[in-house]
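[1] make a model of this:
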Amino acid sequence: MSEKNMNFLDYFSNLALGSYQTILIGVSSSNNSLFYQRLFPILYTYISQSDLKFILVGEHPLVDLQEFPDFKLILEESSQIETVSNQYPELFLIKCLFKSTEFFTDQGYKILGPKAAIRGALSSSKFLFALHKFLENIEPLENIPFIPNNLISRLALLETAQGKQFFFAGVGIDEVNSLESKQAMILLSKKLFQKLGWNLHVGILSGGRLSDRGRDPRVDQTIDEARQLEDIFSSKNQEEQNNLEFEVNHYQILIEQSISDKANLLVAPDGISGNLIYRTLVHLGEGKSYGAIYLNMLLQYGRIIIDCSRVAPIFELEGAISLAAGLSKYFQFKSYD
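    Numbering: from 1, shown residues only. Predicted coordinates for the structure are as follows:
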């Protein structure tokens, strides 16, 4: 099956079942009831079918679980699910991810050097703030030309109501808002796809058709940026002549055409429209989301961080775990100590 037609979720789910990775998952003490109800059946399925280990990191995860006796029993019976209580869970999770120093769970087990984490129910703003502060004190394992070290580039895996899966850039309102950030996203995505051995077909979206140019300055800007990106990467592709296919096309505002042409990465005109595309697809259009990869954390810092919503439905949590565990097959993790 071609990458343009493949089921990415199944691919990573199969890898996850053969993984021995330890995955940190952020949990919250507020509005935790529905989150735990969605999370634990998924964790139970994974621990019954794989050797994956899960560490739930939050302020009071053991206290929160008191209201779920069935889940508490699973926690007591399985060493594959443990908890860590910490007053600052966002910072603790990030430190555990980057440092190889050992720590102990609430159950008394020693954990050393997990390299994969899912934000889960932790606050996005607090998590991003803690991540930016931590990155100020460390250097990336690999500097990538034209990519700032503190850039946050999230690549989401989405699915249409008809079951067509594709990666999508621009799920955050502060992402892909300039020519440079879009170029960085495509460069990082290309690097990831090359690592996975996949062909990449990028569909760049803009605010209108070419014939709409002149009607609105902001629309004109997105059209100009998309055409520039198409030219830039067409030239790069001719120069590099890689074995893997790499195609970049401007689809204007015709997002439906990009899906019909089997583009496997779509880049939104800007972060606001991208967030609206994501929300419309998932919350109104019967589509699905399977989590988002922090690309620069993976490719520059060698750490797997997967984003998902605090109100993530079951399929999004399942996808986030599959991405976190499946990606570990392709990356050699180094210590920052």
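[2] domains in the chain, by residue range?
    Domain ranges of the chain: 8-132, 153-292, per automatic domain parsing.
[3] got the phi and psi for the residue lying closest to Phe104 once chain neighbours are set aside?
    Setting aside the residues directly before and after it, Phe104 is nearest to Lys110 in space (C-beta to C-beta, 6 or more residues apart in numbering), at 5.7 Å. Placement of C-beta: from N, CA and C, glycine included. Phi and psi for Lys110, reported as degrees, to the nearest 10, are phi -90, psi 130.
[4] what are the ranges of the helices in the protein?
    8-17, 32-49, 61-64, 69-77, 89-98, 124-135, 179-196, 217-240, 255-260, 271-279, 295-301, 314-326 (DSSP state H).
[5] who wins for proximity to Lys334 among the ones you listed?
    helix 295-301 (9.4 Å; C-beta to C-beta).
[6] ok, residues contacting stretch 43-63?
    Outside stretch 43-63, the residues within contact range by C-beta atoms under 8 Å, 6 or more residues apart in numbering are 16-29, 32, 64, 74, 78-87, 89, 92-93, 96, 105-106, 111, 114, 121-122, 321, 325.
[7] and for stretch 139-152?
    Contact with stretch 139-152 is made by 128, 131-132, 135-136, 172, 174-175, 180-181, 183-184, 187-188, 191, 294, 296, 299-302, 334, as judged by C-beta under 8 Å, 6+ apart.
[8] filter the contacts of stretch 43-63 to the buried ones?
    Neighbour-count burial (16 or more other C-beta atoms under 10 Å) is assigned, among the contacts of stretch 43-63, to 16, 19, 21-28, 32, 64, 74, 80-86, 89, 92-93, 96, 105, 111, 114, 121-122, 321, 325.
[9] ramachandran coordinates for the closest residue to Ala184 other than its chain neighbours?
    Computed as C-beta to C-beta, 6+ apart, the closest residue to Ala184 that is not its neighbour in sequence is Ile147, at 5.2 Å. Here is the backbone geometry of Ile147 (degrees, to the nearest 10): phi -110, psi 110.
[10] what about Ile147, neighbour count?
    21 (other C-beta atoms under 10 Å).
[11] what's the spacing between it and Leu254?
    29 Å (C-beta to C-beta, to the nearest Å).
[12] do Gly319 as well
    Taking C-beta to C-beta as the measure, Gly319 falls 27 Å from Leu254.
[13] ok so, going back, ChimeraX command for the buried members of the contacts of stretch 139-152?
    A single ChimeraX command selects the buried members of the contacts of stretch 139-152 (16+ other C-beta under 10 Å):
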select :128,131,135,172,175,181,183,184,187,188,191,294,296,299,300,301,302
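[14] now do the contacts for the nearest residue to Val202 once chain neighbours are set aside.
    Computed as C-beta to C-beta, 6+ apart, the closest residue to Val202 that is not its neighbour in sequence is Val248, at 4.4 Å. By C-beta under 8 Å, 6+ apart, the contact list for Val248 reads 186, 202, 204, 229-230, 233-234, 237.
[15] now do Ala325
    Counting by C-beta under 8 Å, 6+ apart, the residues that Ala325 touches are 12, 15-16, 19, 21, 23, 50, 52, 116.
[16] Cys308: which of those residues is nearest?
    Set against Cys308, the nearest of the contacts of Ala325 by C-beta to C-beta is Ile23 (12.3 Å).
[17] Ala116 bridge partners, please.
    Per DSSP bridges, the residues bridged to Ala116 are Ile23, Ile304.
[18] how about it, what does it touch?
    Neighbouring residues of Ala116 by C-beta under 8 Å, 6+ apart: 21-24, 97, 303-306, 324-325, 327-328.
[19] at 10 Å what do you get?
    Residues near Ala116 by C-beta atoms under 10 Å, 6 or more residues apart in numbering: 19, 21-25, 52, 97, 298, 303-306, 321, 323-328, 331, 333.
[20] save the contacts of Ala325 as CSV, and put in distance to Tyr290 and pLDDT too.
    Below are the contacts of Ala325 laid out as CSV (distance: C-beta to C-beta, whole Å; pLDDT from 0 to 100):
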residue, distance to Tyr290, pLDDT
Phe12, 8, 95
Leu15, 14, 93
Ala16, 12, 93
Ser19, 17, 87
Gln21, 17, 88
Ile23, 15, 94
Ser50, 18, 92
Leu52, 17, 93
Ala116, 15, 93
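[21] can the residues you listed go into TSV with extra columns for distance to Thr101?
    Shown next, in TSV, are the contacts of Ala325 (distance: C-beta to C-beta, whole Å):
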residue	distance to Thr101
Phe12	29
Leu15	28
Ala16	26
Ser19	23
Gln21	18
Ile23	18
Ser50	26
Leu52	22
Ala116	17
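[22] now flag whichever of the residues you listed is closest to Lys164.
    Nearest to Lys164 among those: Phe12, at 16.6 Å, using C-beta to C-beta.
[23] that closest one: how many residues sit nearby?
    Look at Phe12: counted by other C-beta under 10 Å, it has 24 neighbours.
[24] what's near enough to touch the closest residue to it other than its chain neighbours?
    Excluding its sequence neighbours, the residue lying closest to Phe12 (C-beta to C-beta, 6+ apart) is Gly326, at 3.3 Å. When contacts are counted by C-beta under 10 Å, 6+ apart, Gly326 touches 8-9, 11-19, 21, 116, 196, 304.
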